[in-house]
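Enquirer: Could you work out the structure for the sequence below:
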Amino acid sequence: MSEVQSSIINDLIAAMIIRLREQMDLPLTQAMSVVYGSETVKHLSDISTGLYENGSLFLYELLHEELRTGRFPSVDD
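Expert: Got it, this is the predicted structure:
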């Protein structure tokens with residue numbers, strides 16, 4: 001993973017944490033725990049998935065769906 005890809009992924013994760021915190025009124029540490037423990041972040045961190053090329057709102061929707069259903073949603077190319 002390049003430094004640029006790593007930076008993009010970190011920014012996207014931070015955006016998901018902030019949005020989750022705002023949407024669900026969670027303390028920062030709890031929002032961080034939820035996001036970092038998710039399959040969404042696992043897939044995002046795997047650059048072969050290309051998820052880091054998507055916007056933060058799209059990724060938050062994936063996270064939200066994962067939290068709602070208990071599983072990472074399938075993503076069609």
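Enquirer: check contacts around residue 53.
Expert: By C-beta atoms under 8 Å, 6 or more residues apart in numbering, the contact set of residue 53 is empty. The way it works is simple: take the backbone N, C-alpha and C, and place the C-beta from them, glycine included.
Enquirer: so what's it scoring on pLDDT?
Expert: On the pLDDT scale, residue 53 is placed at 93.
Enquirer: how much space is there between it and residue 70?
Expert: According to C-beta to C-beta, to the nearest Å, residue 53 and residue 70 sit 26 Å apart.
Enquirer: Residue 25 now?
Expert: 21 Å.
Enquirer: Next, count neighbours for residue 11.
Expert: 12 (other C-beta atoms under 10 Å).
Enquirer: now it, nearest residue through space, not along the chain?
Expert: residue 56 (7.9 Å; C-beta to C-beta, 6 or more residues apart in numbering).
Enquirer: Kindly list the longest helix within the chain.
Expert: helix 3-24 (DSSP state H).
Enquirer: ok, the closest residue to residue 20 other than its chain neighbours - how many residues close by?
Expert: Excluding its sequence neighbours, the residue lying closest to residue 20 (C-beta to C-beta, 6+ apart) is residue 31, at 4.7 Å. Residue 31 has 20 neighbours, counted by other C-beta under 10 Å.
Enquirer: So which residues make contact with the helix or strand where residue 31 lies?
Expert: Using DSSP states H and E, residue 31 sits in helix 28-36. Residues from elsewhere that reach helix 28-36 (C-beta under 8 Å, 6+ apart): 13, 16-18, 20-21, 24, 26, 41, 63, 67.
Enquirer: Please spell out which residues along stretch 34-42 are buried.
Expert: 34-35, 38, 40-41 (16 or more other C-beta atoms under 10 Å).
Enquirer: Next up, the contacts around residue 17.
Expert: 28, 31-32, 35.
Enquirer: Just the closest of the residues you listed to residue 7, please.
Expert: Distances from residue 7 to these, taken as C-beta to C-beta, are shortest for residue 35 (17.1 Å).
Enquirer: Can you read off the pLDDT for the closest one?
Expert: What the model reports for residue 35 is a pLDDT of 96.
Enquirer: and the gap between it and residue 2?
Expert: Counting by C-beta to C-beta - residue 35 and residue 2 are separated by 22 Å.
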